[in-house]
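**Student:** here you go, sequence then predicted model.
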Amino acid sequence: MGRARRRGRSGGCECGCGCAGFSKSKVNAGVLQKIAVSMLPFYRAVATSQRFAAMWSRAVVTANLKSMKKLLASAAPQAARQGLGTNGIGYFVDFVFPKLVYTNGTTIPPGTVQFVFEPKVHQAIARAVLSLYSRLASDRAFACKLAIAIRRGNKRLVNLLVRSRVHTAALKAVHIEDEGIALSFKYPFSKFKYRNLLFRDSFFKRRRRRRRLRRELAEE
């Protein structure tokens, strides 16, 4: 008879890494995989369709949530069932879990510029991260390794795992932020830095984003 696989503290994990022992209030492989599975079709649509990317950027900079929701539903129905927001320079899709909320999206750093979101850059980022989200969606062991590295604050391992899938010189930095990851991109054809984010969100962060957007719209 074969040796039984060692189980984690809360019933073990399919890949044997023990991440199922993590508290449900912390990032784990299940959280990362659900987000990746939901967002992958959207990133694929942005990466492969110039028209879709242009329409999405126009909806972002005009803060047209109705149009964003419609576009997201056409490409990624599962992601469209989640919360959706914009700050005029990026977008955020909120995934609600029993004890936490995680957000995925791409944005220019706040305070840099107002109402700019370049479709050419967004397409380039989508193409760059497709492999990362595809691997997260399909490989439980990879998702476990990344979740563990984030929880332990292992910057070196997070950087290694991300860069093993994202192969572009435009990826300038990989950080652990808000119990998630932040990928910083800078392309030569844009003067702005962009960030692809997957982080733990909170009510107060979402409220600050909405207030900032209202202020900027009033000043426009």
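**Tutor:** Arrived safely. Numbering: from 1, shown residues only.

**Student:** every contact and neighbour count from this point should use C-alpha atoms.
**Tutor:** Fine.

**Student:** could you give the number of residues near Tyr194?
**Tutor:** 24 (other Cα atoms under 10 Å).

**Student:** and the residue nearest to it when sequence neighbours are not counted, its phi and psi?
**Tutor:** Counting by Cα to Cα, 6 or more residues apart in numbering, Ile108 is the residue found nearest to Tyr194 once chain neighbours are left out, at 4.5 Å. Main-chain dihedrals, Ile108, degrees, to the nearest 10: phi -80, psi 140.

**Student:** what count of nearby residues applies to Ile108?
**Tutor:** Ile108 - counted by other Cα under 10 Å - has 24 other residues nearby.

**Student:** kindly report the same for the one 4 residues further on.
**Tutor:** For Thr112, the number of neighbouring residues by other Cα under 10 Å comes to 10.

**Student:** low-confidence regions, this structure specifically.
**Tutor:** 1-24, 203-220 (pLDDT under 70).

**Student:** report the central residue of this structure.
**Tutor:** When Cα atoms, centre = their mean is applied to the chain, the residue found nearest the centroid is Asn104 (3.0 Å).

**Student:** where exactly do the strands run in this protein?
**Tutor:** 83-86, 90-97, 100-107, 171-177, 180-186, 193-201 (DSSP state E).

**Student:** can I assume Leu198 is in contact with Gly180?
**Tutor:** Yes. Leu198 lies in contact with Gly180 (Cα atoms under 8 Å); the separation is 5.4 Å.

**Student:** can you tell me the closest non-neighbouring residue to Tyr102?
**Tutor:** Nearest one to Tyr102, counting by Cα to Cα, 6+ apart, is Arg200 at 4.4 Å.

**Student:** distance of the one you found relative to Arg140?
**Tutor:** 20 Å (Cα to Cα, to the nearest Å).

**Student:** what sits against the closest residue to Asn159 other than its chain neighbours?
**Tutor:** Spatial nearest neighbour of Asn159, chain neighbours left out: Val174 (5.7 Å); criterion: Cα to Cα, 6+ apart. Applying Cα atoms under 8 Å, 6 or more residues apart in numbering, we find Val174 in contact with 158-159, 162, 181-184.

**Student:** Val174 pairs with what?
**Tutor:** Leu183 (DSSP bridges).

**Student:** check contacts around the closest residue to Trp56 other than its chain neighbours.
**Tutor:** Spatial nearest neighbour of Trp56, excluding adjacent residues (Cα to Cα, 6+ apart): Met68 at 6.4 Å. With contact set as Cα under 8 Å, 6+ apart, Met68 has these partners: 56, 59-60.

**Student:** present those as a markdown table; the columns should include neighbour count.
**Tutor:** Below are the contacts of Met68 laid out as a markdown table (neighbours: other Cα atoms under 10 Å):
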| residue | neighbour count |
| --- | --- |
| Trp56 | 24 |
| Ala59 | 21 |
| Val60 | 25 |
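
**Student:** how about a markdown table for those residues, with distance to Val96 added?
**Tutor:** Putting those into a markdown table (distance: Cα to Cα, whole Å) gives the following:
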| residue | distance to Val96 |
| --- | --- |
| Trp56 | 23 |
| Ala59 | 24 |
| Val60 | 22 |
